[in-house]
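[1] only the shape, not the letters, is given here:
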């Protein structure tokens, strides 16, 4: 079966995120006050073949551990459709 | 004559500069393409600067899976010297051969400029021609040089003397101003500054020679 | 085809051009043919408005191995050592999308150099933006800088210098000109499709819909409201692919596997295919369906004119195709044979067995329209030249020096160049920001000096005179570091050529460049013309950017701008005219005036100064040397002091007879430099100056912590703060659009 996987990779809590901080600093200048905890991550989309959803998820999680995310500074979430 | 293998990944771009600097110190050099599964007979291995695989996904993330990296790991495990410069440092961290990870510079800008780095541990094969506290003038050239690790790890590295070089004036937000660090055995060093760019006074400094010369001398003693 | 009549207009072809196409083909053109004509006959590819005039520029000389009309000019800099040198503009794409526009501009000029068989070893940027007070301009500056940094650093070619100017006329039409220097590594290549039966190899990135009609749409018409709509025409750069393409191309050349090679830029596959066939007197038969596509269901016309980046077209003998494909595979570069060379003199394209284009190659290249457009000196120029130059005395001289140093055009550009890898290849002698960049050629003693200059204000006030001054300053910059100026490349940035006033400015500038290049023996090796730099009827100042190439026999004789030691004598070469304040930085900064006439220039005196400086550097007489240009003596002296972290005291009271001190400080008279040397060298320098009939006088001494101008003095630390902090402070302000 064909599945689409969406992987969102985010900086781990506690790891400084200069991109997020910069955006957080820029928003009030544009009049958007009260915004906090801006974090910038990345979203990776991929298509894969697998017998079922759980196998698909398992394979994508493996990809994340190996390549798509760096566990020292990043966490990830996998959505399968 | 000490021999250095310079590993070339697709997108590496400082390999010729490393060759020039090491040749200038009397070493012989060999370029090693990343798909090789074995290293030629060399005393030291250099992972040069550049943008292996375009630095796409994360700097060093794809390069760590190149076949040559198993050979580099074995070389290190048998006590051979490995020097990762800039992108090479990033690859060593991604490969788990050095601790921590390198994030985008705090100022979110690429930085190419001279820095002063202080020697924190003069008792490594790479810094044994310096004294602890010596300040070396060596340029940086990176977007992702903002080194980070967990606080407990940092304490351990500090206690082990693995933090080898620190910036005098932290340019990129690196934790503890770390500019370069080594593995517990001390034979694998990664650093963001480019010693090969600081080997001639006409280019602005000769301080990079101190590190490269120490590495070559040590390798020769080790080989003998 | 019912839409044919309106289609040609949509593609930017005039009715007249459409008729010419019909008569060339003697039938109705297909859609693909029309698209191919539209890109090849666009202003950007055909130079239809400028070709007639460009031919008049001097382009030959003993050192010129390849002149205009190829990927890049080739200049011999030492026996058996040749360099490639070429500049190109990417103005329109950079306005539409600054990051990718600038990045692909860098990529394009790099491929031009590689196509000559040269390894790119240095980049320079000449940038013009609106005033930095505007938020959109700051956004553009940031985007362009990031684009250059991202592409140049990753592909591994140092960005060693350039210049950046700010003027309101560039607000909606920024200029992004990039020059690239390369060294011929193995053998000189040219774009030739010789030998019927040879195979045509397309290699590099895959082909998508990006940049369809980029050349004709973007660079051949002005902007109106709604430039956002043009965004799909901008190409996206991939420096990683670009790097692999350099290595693959140079290895193909080193192993002698190619008959000819040309890069793909504006005009997509059509451009190199037709030009290579035309130059070799051959033809080409191409299979559009063999092109490796990134997107599905692309039409033949899209495949033929797509401007997807990082691609090259080469001609290979049939028995070497396997080897050539193996080289590409090693570097991870995809490659396909997409056709073969024929003897038909035609460019034939087929798709799925059907012929979609069949055009005589000459119709696309040499028979492209050649226009002798109307030109007329604009009426407003008389009044502008008659107006006072606006450089009256200031209330406070010290404050005036500080104000001029704080002008973004003058202030340190470190904010920009620290983002660029300017050190790779271990050849960059001295940091960016000097008069010219000195590049030691890899593993050699020989060095070259390169500089870009384009004084738009002077050309606005008098295009001919301004062009003379542009070449003079570029040559003086190169001479100031000790090099002998030998050749130029150029980017000519102008408004709409259909406006007779713009066309007049253009021909006056070409005349000025020609006269100056003849006087200095610096032939034109090539370059590019960018018209239609205008938005809503407002054109940029006529801005010829001159890229000067100079030669140093040894990198050891290179001279920097920094004062070296306390007690050294400060010497000024050349004479100062207190009236040379028209179009000066001082008049603009202090009084907001750009009027009057630009400074006068004596071509012979200027040339003598270059020869003198080259001799003096070669003899090791100079510790520092700095050209006087924008901001005059005040700025030049301050820059020498800042670079050397040491002050000076000077007496400028008698350098400009009959003038007031502010004129001595800020006059922009050409043919001047400020040098420093130990006292025992002064006599030799004076003698040398007499030999070259160049006025010379000792004006002061190096040392101390102040910039002491006599009647007033400034603290070195205060000056440094203003000079270094101006751009970071402005540009770190909000980057919102």
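    Cool, the structure landed. Model, not experiment: these values are computed from the prediction. Numbering: from 1, shown residues only, chains lettered A, B, ... in the order given.
[2] how near is the residue sitting furthest away from the middle of chain A to chain B?
    In chain A, counting by Cα atoms, centre = their mean, residue A:31 sits farthest out from the average C-alpha position, at 27.6 Å. Distance from residue A:31 to chain B, counting by Cβ to the nearest Cβ, to the nearest Å: 23 Å. Just so you know, the C-beta spots here come from the backbone N, C-alpha and C atoms, and that holds for glycine as well.
[3] okay, that residue: pLDDT?
    Listed pLDDT for residue A:31 reads 87.
[4] same question for the one 3 residues further on.
    The predicted structure scores residue A:34 at 89 on the pLDDT scale.
[5] could you do residue C:221 as well?
    Note on residue C:221: pLDDT of 57.
[6] same check, this time on residue C:291
    Each residue has a pLDDT score; the one for residue C:291 is 95.
[7] gap between it and chain A?
    25 Å.
[8] nearest to chain B: which residue in the stretch 501-650 of chain C?
    Proximity to chain B, evaluated over the stretch 501-650 of chain C using Cβ to the nearest Cβ, is greatest for residue C:555 at 7.0 Å.
[9] now that residue: closest residue in space that isn't a chain neighbour?
    Distances taken as Cβ to Cβ, 6 or more residues apart in numbering or on different chains place residue C:447 nearest to residue C:555, at 3.8 Å, with adjacent residues excluded.
[10] please apply the same query to residue B:168.
    For residue B:168, ignoring the flanking residues on the chain, the nearest one in space by Cβ to Cβ, 6+ apart is residue B:116 at 4.0 Å.
[11] residues in contact with the one you found?
    Contact analysis of residue B:116 by Cβ atoms under 8 Å, 6 or more residues apart in numbering or on different chains lists B:135-137, B:167-169.
[12] partners of the one helix or strand it maps to, with directions?
    Counting by DSSP states H and E, the element that carries residue B:116 is strand B:111-119. In the sheet, strand B:111-119 lines up against strand B:135-142 (antiparallel), strand B:163-167 (antiparallel) (DSSP bridges).
[13] make TSV from those strands and add mean pLDDT and distance to residue C:523 to it.
    Rendered in TSV, the data for the strands paired with strand B:111-119 read as follows (pLDDT from 0 to 100; distance: least, Cβ to Cβ, whole Å):
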stretch	mean pLDDT	distance to residue C:523
strand B:135-142	98	36
strand B:163-167	98	48
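[14] any chance of the ones you listed in a markdown table, plus mean neighbour count and distance to residue C:374?
    Shown next, in a markdown table, are the strands paired with strand B:111-119 (neighbours: other Cβ atoms under 10 Å in any protein chain shown; distance: least, Cβ to Cβ, whole Å):
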| stretch | mean neighbour count | distance to residue C:374 |
| --- | --- | --- |
| strand B:135-142 | 22 | 51 |
| strand B:163-167 | 23 | 62 |
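[15] please, where are all the strands along the chain?
    All of this is about chain A. Secondary structure of chain A by DSSP state E: the strands cover A:2-11, A:42-49, A:74-80.
[16] other chain: chain B
    Using DSSP E, strands in chain B cover B:3-8, B:28-33, B:44-47, B:81-85, B:101-103, B:111-119, B:135-142, B:146-148, B:163-167, B:178-182, B:188-191.
[17] could you report the neighbour count for residue C:609?
    A count of nearby residues for residue C:609, using other Cβ atoms under 10 Å in any protein chain shown, gives 28.
[18] which SSE is immediately downstream of the helix or strand it falls within?
    Assigned by DSSP H and E, residue C:609 falls within helix C:603-618. Later in the chain than helix C:603-618, the nearest helix or strand by DSSP H and E is strand C:624-627.
[19] name the residues that touch the lowest-mean-pLDDT helix or strand in chain A?
    Counting by mean pLDDT, DSSP states H and E, chain A has its least confident helix or strand at helix A:18-29, which shows a mean of 81. Under the contact criterion Cβ under 8 Å, 6+ apart, helix A:18-29 has outside partners A:11, A:33, A:35-40, B:103-108, B:146, B:173, C:734-736.
[20] buried ones in that helix?
    A:18, A:20, A:22, A:24, A:27 (16 or more other Cβ atoms under 10 Å in any protein chain shown).
[21] give me the pLDDT for whichever residue of the stretch 101-250 of chain C sits closest to chain A.
    Going by Cβ to the nearest Cβ, chain A is nearest to residue C:135 of the stretch 101-250 of chain C, at 10.3 Å. At residue C:135, the model reports a pLDDT of 88.
[22] show me what from the stretch 201-350 of chain C comes close to chain B.
    Residues of the stretch 201-350 of chain C found near chain B (Cβ under 8 Å from any Cβ of the partner chain) are C:238-241, C:243-244, C:331-332.
[23] buried ones only from these, please, as a PyMOL command.
    Here is the PyMOL command that picks out the buried ones among these, judged by 16+ other Cβ under 10 Å:
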select buried, chain C and resi 238+239+240+241+243+244+331
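[24] can you redo the residues of the stretch 201-350 of chain C next to chain B as CSV with secondary structure?
    Formatted as CSV, those follow (DSSP: H, G, I helix; E, B strand; the rest coil):
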residue, secondary structure
C:238, coil
C:239, helix
C:240, helix
C:241, helix
C:243, helix
C:244, helix
C:331, coil
C:332, coil
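[25] find the least confident helix or strand in chain B, judged by mean pLDDT.
    helix B:208-223 (a mean of 92).
[26] ugh, typo on my part, it should be chain C
    The least trusted helix or strand in chain C, going by mean pLDDT, DSSP H and E, turns out to be helix C:214-219, with a mean of 55.
[27] quick one: name the residues of chain A near chain C.
    Counting by Cβ under 8 Å from any Cβ, the residues of chain A close to chain C are A:26, A:29-30.
[28] kindly report the same for chain B.
    With the criterion set to Cβ under 8 Å from any Cβ, chain B comes near chain C through B:10-11, B:13-14, B:16-17, B:20-21, B:50-51, B:53-56, B:109-113, B:139, B:141, B:143, B:194, B:196-197, B:199-200, B:202-204.
[29] in helices, which of those fall?
    Among these, the ones falling in helices (DSSP state H) are B:16-17, B:20-21.
[30] tally of neighbours for residue 34?
    Here I'm looking at chain A. Residue A:34: 6 neighbours (other Cβ under 10 Å).
[31] could you do chain C instead?
    21.
[32] what about it, which SS state?
    When classified by three-state DSSP, residue C:34 comes out as helix.
[33] where does it land on pLDDT?
    94.
[34] so what's it up against?
    The contact partners of residue C:34, taken as Cβ under 8 Å, 6+ apart, are C:4, C:7-8, C:11, C:13, C:21, C:301.
[35] thinking again about what came up before, and the residue nearest to residue B:168, what's its pLDDT?
    On the pLDDT scale, residue B:116 gets 98.
[36] in the sheet, who's paired with it?
    With DSSP bridges as the rule, residue B:116 is bridged to residue B:137.
[37] for chain A, see how far away it is.
    Applying Cβ to the nearest Cβ, the value for residue B:116 to chain A is 23 Å.
[38] which residue does chain A have closest to chain C?
    Counting by Cβ to the nearest Cβ, chain A gets nearest chain C through residue A:29, at 4.9 Å.
[39] once you drop chain neighbours, what's closest to residue 51?
    No chain specified, so I'll use chain A. Using Cβ to Cβ, 6+ apart, the closest residue to residue A:51 is residue A:1 (7.0 Å).
[40] wrong one, chain C
    residue C:370 (5.7 Å).
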